[in-house]
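Novice: this is a predicted model, with the sequence first.
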Amino acid sequence: MHKTPRLLNDAKMQEFIRNGYITLQTDLPAEFHRETYQRIEKVFESEGNPGNNVLPRIPSIQQILDEPTIHGALQSILGPNYYLHPHRHCHFNPAGSEGQNMHKDSWSKRHHRVRWAMAFYYPQDTPVELGPTGIIPGSQYHNSKPSDDLPGEVPLIGAAGTVVVVHYDLWHRAMPNLSQDRRYMVKFLFTRLEEPDGPSWDTAGDAWPQENDRRQPLWQSMWDWHRGNTSPLANGGNIKALLDPHEATALQATYRLDERAIPALIDLLADETDTVRMNAGYALNAIGKAAVPALIEACSDTRETLRAQAADALGDLGRQATEASSTLINLLADCSHAVRRNAIDALGVIANAPETATALAPSLTDDDEWTRRNAALALLRLGPQAALATTDLVTALNSDNRYVSGKAAQTLKRIKTPEAQDLLMDHLFTARWCPETSAASRY
């Protein structure tokens, strides 16, 4: 049960937008974290890594997520109805490990706007010698490995009970464990379910501070979006800079373009280079609603790449692209998996009508796994508007994909009709998993 959230203030939200992470401390006593560490040790010794079952295996960890500071930070960043995704993992860094290479996780499309986030919980004191997670501040906006224009690696050190909320696309790694002790970190994944229509943190109505930094337009655009303001910055700019091999220069150009650049940006959505395609999408998002007609037209292009990128850009525009709903529904029959996935994801973000649920429901049984996953998330985002898909969602409870079934269950909860609630409870009582049952204690 969530307690009253302790929301972030303007300064902390600005810190998150700049750096892509924020470090927090729970109010729980040290003994709680010692006991949690010991329970994790016991599970690892007797069963191995519990993976997605870390929470039902050690239910007390839910208290971390319910803490006012943690719940408040997640609500501030992802909105009041954020979703605890069924994927979670206990990361184990053994004594003497060499650590990992810098990387981004790969569960979502690369977007600057925050619809996905992670939380890292450390149950033990974690100095740098113990091999904490290392991150590069500000790297969430970089598609390629960050260059020297960003700060160097920062270790996420802290006392037991430290929780770090990070932008999903922040570059990170497990650092070398130079000690003789084990290091554990429990990672949770969260998803935004509703587009921002105003600040979800404790704001004083402050404007973004003027800074002598070329990333200012990017930060300003993110700040405005979180506040529900989708007005374009209209700075003007040079589209050629979007192609600069130095990514920091390209990012600077991305958020300075205006409506005159739309035709050229549409062409760049089909570029052979991933980074160029993504930067073109970011630029169209920053331009805003004026880009929607051209993106709708691009959805009927013969090039698969352009259709897929156009659908993705429409989704990133959010409610500004509502008029594209019928176009995106037509793309659900596209022969391309990539196009279908992106169209489904976009519909979950921009649409809010019962007929959308009817159109999405067949995709729960698509032959492509990620299409099925996206359909389940899109219906979850529709919430009560997904009621027309109740029968399909009940079938999806028994999907062979754990994430489709998990999201289907949460969607039935959000639908809130008596029928949906009864069907969900019947399923949950049948599927209930006992966290105390193990090879050592079967009954």
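Specialist: On my side now, so go ahead.
Novice: Ile70 contacts Val163, doesn't it?
Specialist: Yes. Using C-beta atoms under 8 Å, Ile70 is in contact with Val163, at 5.4 Å. Quick note: C-beta positions are derived from backbone N, CA and C, even for glycine.
Novice: joint contacts of these two?
Specialist: 24, 26, 64, 119 (C-beta atoms under 8 Å, 6 or more residues apart in numbering).
Novice: take those and keep only those in strands.
Specialist: Here DSSP state E is the test, and the shared contacts of Ile70 and Val163 give 24, 119 as lying in strands.
Novice: quick check: the farthest pair among the shared contacts of Ile70 and Val163?
Specialist: Farthest apart among these by C-beta to C-beta are Thr26 and Ala119. That separation is 11.2 Å.
Novice: which neighbours do the two share?
Specialist: Common contacts of Thr26 and Ala119 (C-beta under 8 Å, 6+ apart): 70, 163.
Novice: tabulate the shared contacts of Ile70 and Val163 (TSV), appending pLDDT, distance to Gly134 and neighbour count.
Specialist: Putting the shared contacts of Ile70 and Val163 into TSV (pLDDT from 0 to 100; distance: C-beta to C-beta, whole Å; neighbours: other C-beta atoms under 10 Å) gives the following:
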residue	pLDDT	distance to Gly134	neighbour count
Leu24	98	18	21
Thr26	93	22	20
Ile64	97	22	22
Ala119	98	17	21
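Novice: nearest to Pro435, of the shared contacts of Ile70 and Val163?
Specialist: Ile64 (16.6 Å).
Novice: residues contacting the closest one?
Specialist: The neighbourhood of Ile64, defined by C-beta under 8 Å, 6+ apart, consists of 26, 28, 70, 121, 161, 163.
Novice: for the residue lying closest to Lys145 once chain neighbours are set aside, give its distance to Thr305.
Specialist: Distances taken as C-beta to C-beta, 6 or more residues apart in numbering put Met102 closest to Lys145, at 6.3 Å, once the chain neighbours are dropped. Distance of Met102 to Thr305, computed by C-beta to C-beta, to the nearest Å: 27 Å.
Novice: circling back: okay, and which of the contacts of Ile64 map to strands?
Specialist: Among these, the subset assigned to strands under DSSP E consists of 121, 163.
Novice: nearest to Ala95, of the contacts of Ile64?
Specialist: Within the contacts of Ile64, distances to Ala95 taken as C-beta to C-beta reach their minimum at Tyr121, with 20.4 Å.
Novice: does the closest one touch Phe188 like I think?
Specialist: Yes. Under the criterion of C-beta under 8 Å, Tyr121 lies in contact with Phe188, with a separation of 7.4 Å.
Novice: now Leu306, nearest residue through space, not along the chain?
Specialist: Take Leu306 and drop its neighbours on the chain: the residue closest to it by C-beta to C-beta, 6+ apart is Ala270, 4.1 Å away.
Novice: helix or strand for that neighbour, which one?
Specialist: Secondary structure here is read from DSSP states H and E; on that basis Ala270 sits in neither a helix nor a strand.
Novice: pretty sure it sits against Val276.
Specialist: No. Counting by C-beta under 8 Å, no contact exists between Ala270 and Val276, whose distance comes to 9.7 Å.
Novice: quick check: mean pLDDT across stretch 197-212?
Specialist: In this model, stretch 197-212 carries a mean pLDDT of 92.
Novice: for stretch 37-52, same thing?
Specialist: Mean predicted lDDT for stretch 37-52 stands at 94.
Novice: next, the buried residues of it.
Specialist: 37, 39-40, 43, 50, 52 (16 or more other C-beta atoms under 10 Å).
Novice: quick revisit: number of residues surrounding the residue nearest to Lys145?
Specialist: Using other C-beta atoms under 10 Å, Met102 is surrounded by 15 other residues.
Novice: contacting residues for it?
Specialist: Met102 makes contacts with 134, 136, 145, 153, 171-173, as judged by C-beta under 8 Å, 6+ apart.
Novice: again, 7 Å this time
Specialist: With contacts defined as C-beta atoms under 7 Å, 6 or more residues apart in numbering, the neighbours of Met102 are 136, 145, 171-173.
Novice: got a PyMOL select line for the buried ones in the residues you listed?
Specialist: Command for PyMOL, covering only those of these found buried under the criterion 16+ other C-beta under 10 Å:
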select buried, resi 136+171+172+173
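Novice: least confident of the contacts of Met102?
Specialist: Looking across the contacts of Met102, the weakest pLDDT belongs to Lys145, with 75.
Novice: select the longest strand from this protein.
Specialist: Max-length strand for the chain by DSSP E is strand 83-93.
Novice: that one: how far from the chain's middle?
Specialist: Relative to its parent chain, strand 83-93 has a centroid offset of 13 Å by C-alpha atoms, centre = their mean, to the nearest Å.
Novice: how about stretch 150-170?
Specialist: The gap between where stretch 150-170 is centred and where its chain is centred comes out at 16 Å by C-alpha atoms, centre = their mean.
Novice: mind listing the helices for the stretch 151-300 of the chain?
Specialist: Counting by DSSP state H, counting those that start in this stretch, the segments of the stretch 151-300 of the chain that form helices are 216-226, 247-254, 262-268, 274-287, 292-298.
Novice: among those, which comes closest to Arg372?
Specialist: Put simply, out of the helices of the stretch 151-300 of the chain the one that sits nearest Arg372 is helix 274-287, at 24.0 Å, with distance taken as C-beta to C-beta.
Novice: angle of that closest one against helix 247-254?
Specialist: Interaxial angle, helix 274-287 versus helix 247-254 (axes from the mean of the first three to the mean of the last three C-alpha atoms, to 10 degrees): 30 degrees.
Novice: give the other helices and strands that helix 274-287 contacts.
Specialist: helix 247-254, helix 262-268, helix 304-317 (3 or more C-beta pairs under 7 Å, 6 or more residues apart in numbering; DSSP states H and E).
Novice: where does the prediction get shaky in the stretch 101-250 of the chain?
Specialist: In the prediction, the stretch 101-250 of the chain carries residues with pLDDT under 70 at positions 108, 147-148, 234-236.
Novice: the same query, at a cut-off of 80, please.
Specialist: Along the stretch 101-250 of the chain, the parts satisfying pLDDT under 80 run over 106-109, 145-149, 151, 233-237.
Novice: follow-up on the earlier one: against which helices or strands is the longest strand of the chain packed?
Specialist: helix 54-57, strand 183-191, helix 402-415.
Novice: wait, which of these is closest to Ala298?
Specialist: Judging those by C-beta to C-beta, what sits closest to Ala298 is strand 183-191, at 26.6 Å.
Novice: quick one: contacts of that closest one?
Specialist: Everything outside strand 183-191 that qualifies as a contact, by C-beta under 7 Å, 6+ apart, is 37, 40, 54, 61, 65, 74, 78, 82-85, 87-93, 107, 115-124, 126, 130-131, 133, 177, 377.
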